[in-house]
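Trainee: Below are the sequence and a predicted model for it; my questions follow.
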Amino acid sequence: MQTLPVLKANAKRKRNMPRIILLCVVLVLCISALDPRLTVTKYVLQSEKLQGPVRLALIADLHSCYYGKDAKNLIRAIDAQEPDILLYAGDIFDDVLPNE
């Protein structure tokens, strides 16, 4: 038979479990949202309105991440896709000014 302090500890753990789970979910979401790695995602869309293939590159949400000296890794990744049109969207800014 369990004693009263053990029962109280078990009840407290059960009450705290949703908070712990929520904290873990928030941490995973924050870590994945702040992931600075460069990713390339490819989509193939078809339209009768186009007379031939068109390759678009959409650059979005760079968030001042480091992509090599003079962003060479970013430029190489874009060049490797051989886009016809380059589109910019989202947050593209630097935290440091050139004269700092």
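Mentor: Ah, there it is. Residues are numbered from 1 along each chain as shown.
Trainee: The helix or strand of the chain with the lowest mean pLDDT: how far from the chain's middle?
Mentor: Here the helix or strand of the chain ranked lowest by mean pLDDT, DSSP states H and E is helix 4-33, holding a mean of 78. On the basis of CA atoms, centre = their mean, to the nearest Å, helix 4-33 sits 25 Å off its chain's mean C-alpha point.
Trainee: where in the protein is pLDDT low?
Mentor: In the predicted model of the chain, residues 1-9, 33-36, 63-64, 92-100 satisfy pLDDT under 70.
Trainee: can we see that at 90?
Mentor: Applying pLDDT under 90 to the chain flags residues 1-20, 24, 27-41, 43, 45-47, 50-52, 59-75, 77, 88-100.
Trainee: can you list contacts of whatever helix or strand comes next after the least confident helix or strand of the chain?
Mentor: Where DSSP states H and E defines the elements, the next helix or strand beyond helix 4-33 is strand 56-60. Strand 56-60 is contacted from outside by Leu74, Ile78, Gln81, Pro83, Asp84, Ile85, Leu86, Leu87, Tyr88, Ala89, Gly90, Ile92, using CB atoms under 8 Å, 6 or more residues apart in numbering. Heads up, the C-betas are built off the backbone N, CA and C, glycines and all.
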